[in-house]
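I need the structure of the sequence given here:
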Amino acid sequence: MLNPQGVVGDFDLPIPFRNWLKTIVSFIKSRYKVVSKTAAYTVEEEVYLVLADAAGAGFTVTLPSATNRLGREIIIKRMNAGGNLVTIGGTVDGTVNPTLGAQHIKMVVISDGSSWMDIT
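Next up is the predicted model:
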């Protein structure tokens, strides 16, 4: 039902549509989950972006297996300045355990179904 301004209020949406909309919002939130880490971390299935702050000490962000994850994309961004490195645990484009050596540098990796590729 439209209100006098011709706009549908969310209280007017049919229940099936509200449920569908909640499902879409939930998917988007899970697809783009962001985590901030200051110590060793293994990327969880629903995480899209890892903000890694190694100001206290260098650490490793470990990628999950790329097998059977065709199209899975993960961004890892180093937030700190200084000498402490963020190491990416795994093999990316044939490089074992690449590092992020400067503040605000990032690596965007995507799975081809069997290995991780850097698409930064």
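
what about the helices in this structure?
Counting by DSSP state H, residue ranges of the helices within the chain are 15-31.

centre-most residue in it?
residue 48 (1.2 Å; C-alpha atoms, centre = their mean).

where does the protein dip in pLDDT?
With pLDDT under 70 as the threshold, the chain has low-confidence stretches at 1-15, 17, 25-31.

please enumerate the strands of it.
Taking DSSP state E, the strands of the chain run over residues 33-37, 41-42, 47-52, 59-62, 73-78, 86-89, 91-92, 95-96, 99-100, 106-111, 116-118.

okay, the ones you listed, which one's buried deepest?
Mean neighbour counts were taken over the strands of the chain using mean count of other C-beta atoms under 10 Å, and the top value, a mean of 22, falls to strand 86-89. The way it works is simple: take the backbone N, C-alpha and C, and place the C-beta from them, glycine included.
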